[in-house]
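Peer 1: here is my input, please return the structure:
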Amino acid sequence: MSRTASQGVSPKNRPSLLRSLLGRLHGAKALRRELACRPVVEAYHPGMAVALQTLDAAQGGGSGYYWKLQDLIALLERHRPKSIIELGSGRTSCAFAAYAMRSGASYTSYEQDERWVASVNAALAHIGPAGAVRPVKVEEAERGGAFVEPILAVTECIYVDAPYVPKNRKFSTFTGKPAYLDVSRHLQAGFRPRLILVDGRTDTVDEIRAAIPSGQYSFIGEYSWAIQRGNALHAIRLARHSVFTLNGSAARARE
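Peer 2: The predicted model follows:
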């Protein structure tokens, strides 16, 4: 037996082996969840399947989004927010619109692409509410960008998947990509939404974490954020979204 084999795996190789194992587990989970979640998502609202098909047609196809939508629906049903702002729009807009119609919550999406606004609103016509997706311009900043219209003070849930900022330079973030600054600015202004959800956008997650006073929010990091940051405790959760939840005392103060 060689010395390497007798001593086991070299310590310097253990992180890469763990990452490889987690990658396989995540891929397997994604495949299982995608298959299992489709009927659940489509049953959530009578117009859901047609709305998603409308967006698929507008984009020339689409796949791999049912796990994300079911995870989002489960989070909404668990936390029951009464007001929602979505930064960006697309298939997730169908989940938000369906939840709003079922619960009576208010829902608005900020979207910078006016042609896409029309496409998403056409899809949401199968669900409601009408005109939920609004065109809002974007401004660039040193570390990324933000919509020019601030998030409403009363917003209880914020979903982050935009705005698009051209990667025409290296930004001063962990990955060098632009961060989306809307939520960090909202928090720095003193507002405390009950629920913040981020789809990927790992540098945006860093900005939000930096803007939150210690102890006010609990946090679960999405898989890609955890892998990039080398955080095994979050990575093993294989989470689909990064989730910030306002803690008890801070939540009571908000009320």
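
Peer 1: any idea how far the spatially closest residue to residue 246 that is not a sequence neighbour is from residue 226?
Peer 2: Nearest residue to residue 246 in three dimensions, chain neighbours excluded: residue 194, at 4.8 Å (CB to CB, 6 or more residues apart in numbering). Using the backbone N, CA and C atoms, a C-beta is placed for each residue, glycine as well. Separation of residue 194 from residue 226 (CB to CB, to the nearest Å): 23 Å.

Peer 1: repeat for residue 200
Peer 2: 12 Å.

Peer 1: with neighbour numbers in mind, choose between the two.
Peer 2: Each of residue 200 and residue 226 has its neighbours counted (other CB atoms under 10 Å); residue 226 has more, 23 against 17.

Peer 1: since we're on the spatially closest residue to residue 232 that is not a sequence neighbour, how many residues are nearby?
Peer 2: What sits nearest to residue 232 in space, not counting adjacent residues and going by CB to CB, 6+ apart, is residue 18, at 6.4 Å. Residue 18 has 15 neighbouring residues, counting by other CB under 10 Å.

Peer 1: which helix or strand contains residue 18?
Peer 2: Using DSSP states H and E, residue 18 falls within helix 14-43.

Peer 1: same question for residue 196.
Peer 2: In the assignment (DSSP H and E), residue 196 maps to strand 195-198.

Peer 1: do the same with residue 155
Peer 2: Using DSSP H and E, no helix or strand contains residue 155.

Peer 1: list the contacts for it?
Peer 2: Taking CB atoms under 8 Å, 6 or more residues apart in numbering, we find residue 155 in contact with 83-85, 186, 191, 193.

Peer 1: same thing but 6 Å
Peer 2: Contacts here follow CB atoms under 6 Å, 6 or more residues apart in numbering; on that basis residue 155 touches 83, 85, 193.

Peer 1: equivalent analysis for residue 34, please.
Peer 2: By CB under 6 Å, 6+ apart, residue 34 lies in contact with 66-67.

Peer 1: try it again with 10 Å
Peer 2: Taking CB atoms under 10 Å, 6 or more residues apart in numbering, we find residue 34 in contact with 63-68, 70.

Peer 1: quick revisit: so what does the strand holding residue 196 touch, helix or strand wise?
Peer 2: Other elements packing on strand 195-198 under the criterion 3 or more CB pairs under 10 Å, 6 or more residues apart in numbering; DSSP states H and E are helix 66-79, strand 83-87, strand 157-160, helix 182-188, helix 202-211, strand 217-220, strand 242-246.

Peer 1: for these, give me TSV that also has distance to residue 41, mean pLDDT and mean neighbour count.
Peer 2: Supplementary listing: those in TSV, determined by distance: least, CB to CB, whole Å; pLDDT from 0 to 100; neighbours: other CB atoms under 10 Å:
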stretch	distance to residue 41	mean pLDDT	mean neighbour count
helix 66-79	5	97	19
strand 83-87	17	99	24
strand 157-160	16	99	25
helix 182-188	25	98	22
helix 202-211	25	98	21
strand 217-220	21	98	16
strand 242-246	19	98	22
